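K.L.:
just coords:
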């Protein structure tokens with residue numbers, strides 16, 4: 001390790017690149033994109049298990065957190081180009097302070113590691129903007145540039161692709177609200193850019209002469225209002241364009257609460273997003289287009305490409321945020337999932353826990369609260385659903401694709417994880433995932449997580465109405481599995497300790 005950065009990254013297409021923040025929207029696409037261009041790729045996230053769920057091969061996965069400086073040297077070792085793609089919007093109020101602290105830590109660690117270039121994806125920022133989100137993105141770039149590693153910044157507005165917060169807000173609205181009473185920000189202008197166009201810029205810009213220490217606007221070929229984008233999105237998706245009625249009384253604060261009621265985009269992200277939607281965004285991307293010429297997709301083409309990319313998604317082996325397979329192949333179901341997580345600590349052996357998980361359903365039923373399960377099954381049967389279709393292929397053995405009553409085995413890693421897809425009729429798509437996590441000395445944690453991709457307002461109401469019941473069922477189910485497994489693993493301290501986590 002050296003304390004001086006390299007003068008510039010190698011022009012070799014096999015350069016060693018770090019995608020810092022690879023679990024995010026852009027990072028999850030950029031890491032495999034760089035790999036296809038022949039680069040060696042290291043992907044980092046605070047929780048590398050999230051990255052492991054994506055099933056990437058040939059990409060090194062590491063745990064790193066910019067707010068934990070001790071975690072950075074291993075992530076940055078031997079890296080030529082580091083892509084900085086993290087932000088703290090999901091942390092809620094005060095995220096701007098965390099963004100600046102993280103950027104300062106990363107800049108210092110990159111200099112110490114001898115990184116040749118940092119590429120930072122910022123956002124278009126009108127000079128009059130006072131939004132915490134926009135100001136934070138601008139200041140993050142400034143803090144990175146205060147370090148000794150040359151920084152190249154790309155500033156983009158709305159990115160058109162599955163998982164982009166602004167795109168998902170518009171998609172939720174056009175799929176589920178034929179008539180919208182909206183804030184005035186639907187008339188704000190922005191130059192949306194297709195995800196594929198942005199990835200091309202990101203992958204090529206470090207090797208452009210004289211790009212070090214410069215900032216570039218990245219934009220698509222059109223300047224559109226949000227109302228125009230929603231109309232085009234609806235037409236491209238084969239939906240009837242909504243009637244949009246903008247009203248002046250919906251302030252940014254009220255708009256954020258309104259979005260919480262009608263979309264599944266996380267509240268803190270929606271609040272930060274709304275703060276910036278009051279402005280018109282303009283981009284001067286002439287310099288970037290001269291440096292890296294490519295055909296820019298217009299908004300209609302970008303939407304079509306995004307929807308096509310979702311349809312090409314491979315069959316999933318476990319739950320992954322936004323995967324179409326986790327949404328029953330329904331693009332009208334929300335990209336972002338609501339979640340409920342319960343964990344129980346136990347002295348039971350992992351093998352004993354797995355034997356019970358593998359035997360769930362069928363004649364064994366669900367180990368507890370079977371009356372509640374039966375009521376839900378009868379209700380589903382009454383409206384024509386498969387709720388009363390009980391049974392399974394084998395009483396103890398499982399394989400991917402098996403039916404367990406009204407569930408489908410989406411994926412399984414014997415001894416570690418079981419993922420079940422919900423099959424009853426409901427306004428959305430659900431999954432239940434069990435994970436066995438050994439830790440400490442002779443201790444195991446059984447984690448049960450429910451995921452729900454709502455279908456519009458009705459799907460959100462369904463989730464909120466049943467969340468208390470689901471929490472009760474998950475707690476009792478997880479405890480009972482641990483209790484029964486402990487009978488097979490006798491010990492002086494065979495007592496499960498529970499703690500509920502969202």
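P.N.:
Structure's in. What do you need? Predicted model, so just to flag it, every value in this text is computed and none were measured.
K.L.:
quick one: residue 243 and residue 486, what's the gap?
P.N.:
To residue 486, residue 243 is 59 Å away according to Cβ to Cβ, to the nearest Å. To be clear about C-beta, it is placed using only N, CA and C from the backbone, and glycine gets the same treatment.
K.L.:
which one of the two has more residues nearby?
P.N.:
Counted by other Cβ atoms under 10 Å, residue 243 and residue 486 do not tie: residue 486 has more neighbours, with 20 against 10.
K.L.:
Wait, a strand at the more buried one?
P.N.:
No. Looking at residue 486 with DSSP: H, G, I helix; E, B strand; the rest coil, it is helix, so not inside a strand.
K.L.:
is it true that it touches residue 348?
P.N.:
Yes. Using Cβ atoms under 8 Å, residue 486 is in contact with residue 348, at 4.6 Å.
K.L.:
residue ranges with poor pLDDT in this structure?
P.N.:
Applying pLDDT under 70 to the chain flags the ranges 1-13, 88-95, 127-133, 183, 185, 248-257, 268, 271-278, 313-317, 490-502.
K.L.:
what does the domain assignment say about it?
P.N.:
16-312, 338-501 (automatic domain parsing).
K.L.:
End to end on the longest one, go ahead and measure it.
P.N.:
Pointing back at domain 16-312 there. Using Cα to Cα, to the nearest Å, the end-to-end distance of domain 16-312 comes to 28 Å.
K.L.:
ok, back up a step: go through the domains of the chain and pick out the most buried.
P.N.:
domain 16-312 (a mean of 19; mean count of other Cβ atoms under 10 Å).
K.L.:
what about that one, distance to the chain center?
P.N.:
Offset of domain 16-312 from its chain centre (Cα atoms, centre = their mean, to the nearest Å): 12 Å.
K.L.:
How about residue 76: what's its closest non-neighbour residue?
P.N.:
Distances taken as Cβ to Cβ, 6 or more residues apart in numbering put residue 113 closest to residue 76, at 3.8 Å, once the chain neighbours are dropped.
K.L.:
any idea where the strands of the stretch 201-350 of the chain begin and end?
P.N.:
For the stretch 201-350 of the chain, strands defined by DSSP state E, counting those that start in this stretch occupy the ranges 215-218, 224-225, 243-246, 338-346.
K.L.:
residues making contact with the shortest one?
P.N.:
Read it as strand 224-225. Here strand 224-225 makes contact (Cβ atoms under 8 Å, 6 or more residues apart in numbering) with 186-192, 232, 299.
K.L.:
for stretch 324-333, same thing?
P.N.:
Here stretch 324-333 makes contact (Cβ under 8 Å, 6+ apart) with 171, 175-176, 237, 307, 310-311, 313-316, 319-320, 334-335, 337, 410, 421, 428-429, 431, 451, 453-456, 459.
K.L.:
Show me what the helix or strand hosting residue 134 is packed against.
P.N.:
In the assignment (DSSP states H and E), residue 134 maps to helix 132-145. Contact here means 3 or more Cβ pairs under 8 Å, 6 or more residues apart in numbering; DSSP states H and E; on that basis helix 132-145 packs against helix 95-113, strand 117-123, strand 151-156, helix 267-276.
K.L.:
Any chance of JSON lines for these, columns distance to residue 139?
P.N.:
Listed next are those as JSON lines, based on distance: least, Cβ to Cβ, whole Å:
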{"stretch": "helix 95-113", "distance to residue 139": "6"}
{"stretch": "strand 117-123", "distance to residue 139": "10"}
{"stretch": "strand 151-156", "distance to residue 139": "12"}
{"stretch": "helix 267-276", "distance to residue 139": "14"}
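K.L.:
looking at the ones you listed, which is closest to residue 36?
P.N.:
With Cβ to Cβ as the criterion, residue 36 lies closest to strand 117-123 of those, at 17.4 Å.
K.L.:
ranges for the strands of the stretch 401-502 of the chain?
P.N.:
Applying DSSP E, counting those that start in this stretch to the stretch 401-502 of the chain gives strands spanning 403-404, 407-413, 417-422, 428-439, 443-454, 497-501.
K.L.:
Let me have those strands in JSON lines, extended by distance to residue 295.
P.N.:
Converted to JSON lines, these look like this (distance: least, Cβ to Cβ, whole Å):
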{"stretch": "strand 403-404", "distance to residue 295": "46"}
{"stretch": "strand 407-413", "distance to residue 295": "38"}
{"stretch": "strand 417-422", "distance to residue 295": "39"}
{"stretch": "strand 428-439", "distance to residue 295": "35"}
{"stretch": "strand 443-454", "distance to residue 295": "33"}
{"stretch": "strand 497-501", "distance to residue 295": "47"}
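K.L.:
Can you name the element that comes right after the helix or strand residue 355 falls within?
P.N.:
Per DSSP H and E, residue 355 falls inside helix 350-358. Later in the chain than helix 350-358, the nearest helix or strand by DSSP H and E is helix 370-382.
K.L.:
Understood, closing this out.
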